[in-house]
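# Return atomic coordinates for the entry below.
(chains A, B, C and D)
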2 protein chains.
Amino acid sequence: MAKPVYQQVKTELLDLISQQESNTAIPSERALSQKFNVSRMTLRKAINELVDEGVLYRDTTRGTFVSEKGLIKKNSLRPSHYSRHLLYMTRRVFKDIAPILEIPVYEDLLRIVSKHNKDERVAYIDEIYVSKRRYMDDYQDIDHVFEAIESKDEFHIHQTFYPILVPVQFANLMEIALDRPIIMVESLYRTKKGEPIFLTKTFYNPEVETIEISN
Amino acid sequence: MAKPVYQQVKTELLDLISQQESNTAIPSERALSQKFNVSRMTLRKAINELVDEGVLYRDTTRGTFVSEKGLIKKNSLRPSHYSRHLLYMTRRVFKDIAPILEIPVYEDLLRIVSKHNKDERVAYIDEIYVSKRRYMDDYQDIDHVFEAIESKDEFHIHQTFYPILVPVQFANLMEIALDRPIIMVESLYRTKKGEPIFLTKTFYNPEVETIEISN
DNA sequence: TAGTGGTCTAGACCACTGG
DNA sequence: CAGTGGTCTAGACCACTAA
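Predicted structure coming up:
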């Protein structure tokens, strides 16, 4: 009883779908709920999640169909993750970041800078800003910070996209020219209560990594 | 019986929530379902939508709470919409675009270029590419194309973000320098069946409009 | 007219939390 | 121990569409 029934139904549906052509109908909800021995509401919960993910689509009064392969949604808010390599960590006052994190301007912040490689090249670099105080209270360990940053649903994330010229200190790492335009994404992580925890700046290497979103 | 019950419940919940402080609990699902005279499942459907929209958040075993104002989700995939001003429309072959729209390379395409103003300045410019044949068959009228582009849920949209230097022909319109880095977003609109319909390129003026996403 | 998805009900049991 | 959200059931009626 560890996993909910609808989760199990969902994986069974995925098996069934994998053997089916795109744009062909799956069996009706009533037929499937009998086949899997669950109520129609439970079956629908499983299908609804697959529809949300873009695996299936519905046509009211006609049926439910398998989506074209490759139309599965991407999750947008985080870059595809390659192995993280810590570059360095500094601790000092950042007068421009502190107000965003809603802490006193002269309180110490940590800046944690990492690169992420793809096929021997740097795909993106991120800077994580977190208050020294919060780091000590809640995390103590860099790996716990990384874990939190990559966790799902725990935070409200607000992202802003800026076009910039690659900063000199990163151009060399990315092996790109100094006058190269790149995209920097600023992400503010807040708890559900609205308390800001992390600010990250992610610098994408346009020769290696593109930002893509689908719905 | 025009609107489903859960929609009505949702608006009543919004009324109730609007008078409440952030991070305070709303009544329990059982209490609310009695209050509104609906089943708990129906009440939950209303709450679930508000949670998805970021208006409420849940804490299992503790309750459901009102989110901080200003943490409501933005929908990311489309720019905030200002009034559209058609600049020009051309019809010719675009050898690079045709393969993306899966039409013969030498078939005619329409390119529809518009600007979108915010406070007397150009916030962004978009180019819409659509096959001449499809335009005649399905739309006939530019306004129908605009309507389709702005419709919700009708299409699968895949977006790619590119950092570029502002194209010369747009720098003047945007009143920005020629060496200015900007973000160009390429959006491919497909039907649920996977058939590509529109390709759009949106050029954002970084001095007026920023791209923001929240979840 | 038969079949589809969309909605709705009135119950039920569970795991977990806080007092 | 009482209360919460999470899951689940076995029915039901509706609007719409395709044959």
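
# Any figure for the gap between A:Lys115 and A:Leu86?
A:Lys115 sits at a distance of 9 Å from A:Leu86 (criterion: CB to CB, to the nearest Å). For glycine as for every other residue, the C-beta is placed from the backbone atoms N, C-alpha and C.

# now chain A, which segments are flagged as low pLDDT?
A:1-2, A:76 (pLDDT under 70).

# Go again with 50.
Chain A contains no residues with pLDDT under 50.

# What residues does A:Leu178 make contact with?
Taking CB atoms under 8 Å, 6 or more residues apart in numbering or on different chains as the contact definition, A:Leu178 lies against A:Leu165, A:Val166, A:Val168, A:Ala171.

# if we go to 10 Å?
Residues near A:Leu178 by CB atoms under 10 Å, 6 or more residues apart in numbering or on different chains: A:Leu165, A:Val166, A:Pro167, A:Val168, A:Ala171, A:Asn172.

# just how off-centre is the host helix or strand of A:Arg91 within its chain?
A:Arg91 is part of strand A:84-92 when elements are defined by DSSP states H and E. With CA atoms, centre = their mean, to the nearest Å as the basis, strand A:84-92 stands 21 Å off its chain's centre.

# Next SSE downstream of that strand?
strand A:109-118.

# quick one, the helix or strand following that following strand and strand A:109-118 angle?
Counting by DSSP H and E, the next helix or strand C-terminal to strand A:109-118 is strand A:121-131. Angle, strand A:121-131 to strand A:109-118, by axes from the mean of the first three to the mean of the last three CA atoms, to 10 degrees: 160 degrees.

# how does chain A divide into domains?
A:5-66, A:84-204 (automatic domain parsing).

# and chain A, which of its residues are near DNA strand D?
Applying CB under 7 Å from any atom of the strand, we find that chain A lies next to DNA strand D at A:4-7, A:37-42, A:45, A:60-62.

# Filter these down to just the buried residues.
Buried subset of the residues of chain A next to DNA strand D (neighbour count, 16 or more other CB atoms under 10 Å in any protein chain shown): A:Val5, A:Tyr6, A:Val38, A:Thr42, A:Lys45.

# contacting residues for the residue positioned nearest the centre of chain A?
Chain A has A:Arg78 as the residue nearest its centroid, 3.0 Å off, counting by CA atoms, centre = their mean. Going by CB under 10 Å, 6+ apart, A:Arg78 touches A:Ile149, A:Glu150, A:Lys152, A:Ile157, A:Gln159, A:Val185, A:Ser187, A:Thr202, B:Asn215.

# Residues in a beta bridge with the fifth one, which ones?
Same thing as A:Gln159. On the basis of DSSP bridges, A:Gln159 is bridged to A:Ser187, B:Ile213.

# surely A:Ile26 meets A:Val66?
Yes - between A:Ile26 and A:Val66 a contact is recorded at 6.6 Å, counting by CB atoms under 10 Å.

# Just the buried positions in stretch A:192-203, please.
A:Lys192, A:Pro196, A:Ile197, A:Phe198, A:Leu199, A:Thr200, A:Lys201, A:Thr202, A:Phe203.

# give the contact list for the residue in chain A that DNA strand D sits nearest to.
In chain A, no residue comes nearer to DNA strand D than A:Val5, which is 2.7 Å away by CB to the nearest atom of the strand. By CB under 10 Å, 6+ apart, A:Val5 lies in contact with A:Phe36, A:Asn37, A:Val38, A:Ser39, A:Thr42, A:Leu43, A:Lys45, A:Ala46.

# part of a helix, is A:Ala148?
Yes - secondary structure of A:Ala148 (DSSP: H, G, I helix; E, B strand; the rest coil): part of a helix.

# Backbone dihedrals for the nearest residue to A:Ile211 once chain neighbours are set aside, please?
Spatially, and ignoring its direct neighbours in sequence, A:Ile211 is nearest to B:Phe161 (4.0 Å; CB to CB, 6 or more residues apart in numbering or on different chains). Main-chain dihedrals, B:Phe161, degrees, to the nearest 10: phi -100, psi 130.

# Wait, B:Phe161 touches A:Ile183, no?
Yes - B:Phe161 is within contact range of A:Ile183, at 5.9 Å (criterion: CB under 10 Å).

# and for the two, which residues touch both?
Among the neighbours of B:Phe161, those also in contact with A:Ile183 (CB under 10 Å, 6+ apart) are A:Phe161, A:Pro163, A:Tyr204, A:Pro206, A:Thr210, A:Ile211, B:Ile183, B:Ile211.

# which of those residues has the most neighbours?
A:Tyr204 (25 neighbours; other CB atoms under 10 Å in any protein chain shown).

# can you pull the contacts of that residue?
A:79, A:116, A:122-126, A:161, A:166, A:174, A:182-185, A:210-211, B:161, B:163.

# show me which of the residues you listed neighbour DNA strand C.
Okay, of the contacts of A:Tyr204, nothing touches DNA strand C (CB under 7 Å from any atom of the strand).

# still on that earlier bit, between A:Ile26 and A:Val66, what contacts are shared?
A:Leu16, A:Ile17, A:Gln20, A:Leu50, A:Leu56.

# Just flag the most distant two among those residues.
Within the shared contacts of A:Ile26 and A:Val66, two members stand farthest from each other by CB to CB: A:Gln20 and A:Leu50, at 12.5 Å.

# My guess is A:Leu173 contacts A:Val208. True?
No - contact between A:Leu173 and A:Val208 fails when scored by CB under 10 Å: they sit 11.4 Å apart.

# Please enumerate the shared neighbours of those two.
In contact with both A:Leu173 and A:Val208: A:Arg121, A:Val122, using CB under 10 Å, 6+ apart.

# Point me to the residue of chain A nearest DNA strand C.
Nearest residue of chain A to DNA strand C: A:Ser28, at 3.0 Å (CB to the nearest atom of the strand).

# list the contacts for that residue?
A:Gln34, A:Arg40, A:Leu43, A:Gly63, A:Thr64.

# Next, give phi and psi for the fourth one.
To tie it back to what came earlier, the one meant is A:Gly63. The phi/psi pair for A:Gly63 (degrees, to the nearest 10) is phi 150, psi -170.

# Just give the closest residue to it, not the sequence neighbours.
In space, A:Gly63 is closest to A:Ala25, 4.1 Å off (CB to CB, 6+ apart).

# show me which of the contacts of A:Ser28 neighbour DNA strand C.
Answer for the contacts of A:Ser28 near DNA strand C (CB under 7 Å from any atom of the strand): A:Arg40, A:Gly63, A:Thr64.
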